[in-house]
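Enquirer: My questions are about this predicted structure, shown below with the sequence.
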Amino acid sequence: MMNQATLDLIHQKYQEALENSGNVLEIVENLYRILSEEEVCEEDSARFDSFLDGLRGCIAYRHKTFVLTNLITYINITFMYIVLWLNSTRGLNIDINLYSRRKSLESDLAKVLRKSKYDTSATIRDRFGVRGIFLNDIPEQEVEQYIYIVYEAVLGIIAGKNRKMSKEFSEWFESKEDIPLLDKETVRHVLEIPFAVDFVKDFMNSPKPNGYKSLQFTLTIQMYSQILPGFQMEVQLRSREMHRIAETGTASHFDYENGSFDEDEEEERKLAKEVFVVDDFSKLHIIGFTSYESKEDDRDGIHFAKEFNNRRISTTLV
């Protein structure tokens, strides 16, 4: 991590950016403008420049927040119909809660700061994402089989890796007269986008030392696409028990960030997190951001991740 003096400088300038901003985009733009005029010690200069470059990427994504939020919503709707298709044609009973989320600004900035040591432009793949929580009350091994089935369907249909599966889904989808026309246009639009599936991490087969389990991967729009080339989003698939462990169990963020799994990494996470905190809310003029007490006091997702487009799919609800 950078020297404490540099971290203190970034923290101080973050307060200035907050006090002179009325929304999330202005915060990042003001922070970049202010820091671009600063000098740091030679030892930190390379990482500082890398951090500034990462801020530019953050600005680019925040400029497209409206468009990207819509796209994630469309993808979530497509996931929903893929699960409905699996249940309908494969005789399955997948019960899943699908919801989309946008990474909080503070978490985004802290991650850019941490990753500045690795490359000249920090790539954040999980700024936007979809999480699927499988709610089936069945043995964990059977839930894991469902997770792999959904993953293979996403790989085959959305990423176009299985032409036979894609054809079967499209024929089923187009033949369903009860699907609203707007939904049909939405799913057709998503299926026309050239996606790739990469950065697959099977933490079910190889759990993290803290007990974290899930199957997660990145959906990336190919660079030759005319629609948002290079855009990335993370997909996480978990059982109800995996989600419990991740949120409140041994793999929760609190335990992960304050544990002893990797002391150097934990220290960096702690330092980066402390850089991007609000010192005095009374000095802010950002509508909908008044405290850290609840998500209701943080309507734009500065401290808390912003969740949207929650969909529950099950054979009993359909």
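Expert: In hand now; what should we look at?

Enquirer: Average pLDDT for stretch 231-247, rounded please.
Expert: Averaged across stretch 231-247, pLDDT comes to 95.

Enquirer: List of residues touching that stretch?
Expert: With contacts defined as Cβ atoms under 8 Å, 6 or more residues apart in numbering, stretch 231-247 is touched by 68, 71-72, 75, 123, 125-136, 140, 143-144, 147, 150-151, 154, 204, 211-221, 251-252. In short, each C-beta sits where N, CA and C put it, glycine included.

Enquirer: Give the other helices and strands that the helix or strand that contains residue 30 contacts.
Expert: Residue 30 is part of helix 24-36 when elements are defined by DSSP states H and E. On a contact count with 3 or more Cβ pairs under 8 Å, 6 or more residues apart in numbering; DSSP states H and E, helix 24-36 meets helix 4-19, helix 42-63, helix 105-115.

Enquirer: what about the stretch 51-200 of the chain, any weak spots by pLDDT?
Expert: Residues of the stretch 51-200 of the chain meeting the criterion pLDDT under 70: 118-122.

Enquirer: can you rerun that using 80?
Expert: Counting by pLDDT under 80, the stretch 51-200 of the chain has low-confidence residues at 117-123.

Enquirer: now the strands for it?
Expert: 96-102, 128-134, 195-202 (DSSP state E, counting those that start in this stretch).

Enquirer: Quick one: these as TSV, columns for mean neighbour count and distance to residue 304 too.
Expert: What follows is those, written out as TSV (neighbours: other Cβ atoms under 10 Å; distance: least, Cβ to Cβ, whole Å):
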stretch	mean neighbour count	distance to residue 304
strand 96-102	21	10
strand 128-134	23	15
strand 195-202	16	24
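
Enquirer: Looking at those strands, spot the one closest to residue 284.
Expert: Closest of these to residue 284 is strand 96-102, at 20.3 Å (criterion: Cβ to Cβ).

Enquirer: and the angle for that closest one with strand 128-134?
Expert: Here strand 96-102 runs at an angle of 160 degrees relative to strand 128-134 (axes from the mean of the first three to the mean of the last three Cα atoms, to 10 degrees).

Enquirer: now strand 96-102, how far from the chain's geometric center?
Expert: 10 Å (Cα atoms, centre = their mean, to the nearest Å).

Enquirer: Packing partners of it?
Expert: Checking 3+ Cβ pairs under 8 Å, 6+ apart, strand 96-102 ends up next to helix 65-90, strand 128-134, strand 306-313.

Enquirer: who touches it?
Expert: 65, 68-69, 72-73, 75-76, 79-80, 83, 127-135, 150, 301, 305-314.

Enquirer: Same question for stretch 307-318.
Expert: 69, 72-73, 76-77, 79-80, 83-84, 87, 93-102, 135.

Enquirer: how about it: buried residues?
Expert: By 16 or more other Cβ atoms under 10 Å, the buried positions in stretch 307-318 come out as 309, 311, 313, 314.
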